[in-house]
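In: Got a sequence here, can you build the structure:
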Amino acid sequence: MKRFGVSLTVGVMMFTFPAMSQTPPPVAAVPGPAATPSDYILLTVIMRHDQTMNLDEINKIQAEQGFWAKFPPEGIQVESWYIAMGLGYIVTLRVPPARLREVNRAVEQGAWKAFRTEFYPTYDAKKIAETLREQATKK
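Out: Here you go, the predicted model:
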């Protein structure tokens, strides 16, 4: 029984106190952050189709709510608009920060009921990924 107590104490100590003699592994050089202008943010909006309805029913709701007239609001640039099968729309917008509420309201008024929505602040990391890929293939 005494042996169990010593093992338990040593085990707890191993997880409580960090190893002081170990040095962290070197961090690989990663390109700096992608430049993002201060006059806009990228916002990805995912609109998941309500799969309890068929496409005709979803289209009818969109028409009744004026979805296509409301979203995106006038002057908001669409960076990309994809349809992911089994998911719905994945839309990335270029939004001036002062107009973020307007985009949210357009979704609330035009997309709710036909879609479940999610919002994600987004940034363009394509150049970073290309650089990392290039570095990895040179080794």
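In: how about the most centrally placed residue in the chain, what does it touch?
Out: Central residue of the chain (C-alpha atoms, centre = their mean): Tyr120, 4.3 Å from the mean position. Applying C-beta atoms under 8 Å, 6 or more residues apart in numbering to Tyr120 gives the contacts Leu43, Thr44, Val45, Ile46. Yep, even glycine has a C-beta here, placed from its N, CA and C like the rest.
In: what stretches of this structure score poorly on pLDDT?
Out: For the chain, applying pLDDT under 70 flags the ranges 1-37.
In: Same question for stretch 104-119: list its buried residues.
Out: By neighbour count on 16 or more other C-beta atoms under 10 Å, the buried set for stretch 104-119 is Ala106, Val107, Gly110, Ala111, Ala114, Phe115, Thr117.
In: Reformat those residues as JSON lines; add distance to Lys138.
Out: Output for those, formatted as JSON lines (distance: C-beta to C-beta, whole Å):
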{"residue": "Ala106", "distance to Lys138": "46"}
{"residue": "Val107", "distance to Lys138": "44"}
{"residue": "Gly110", "distance to Lys138": "48"}
{"residue": "Ala111", "distance to Lys138": "45"}
{"residue": "Ala114", "distance to Lys138": "48"}
{"residue": "Phe115", "distance to Lys138": "44"}
{"residue": "Thr117", "distance to Lys138": "42"}
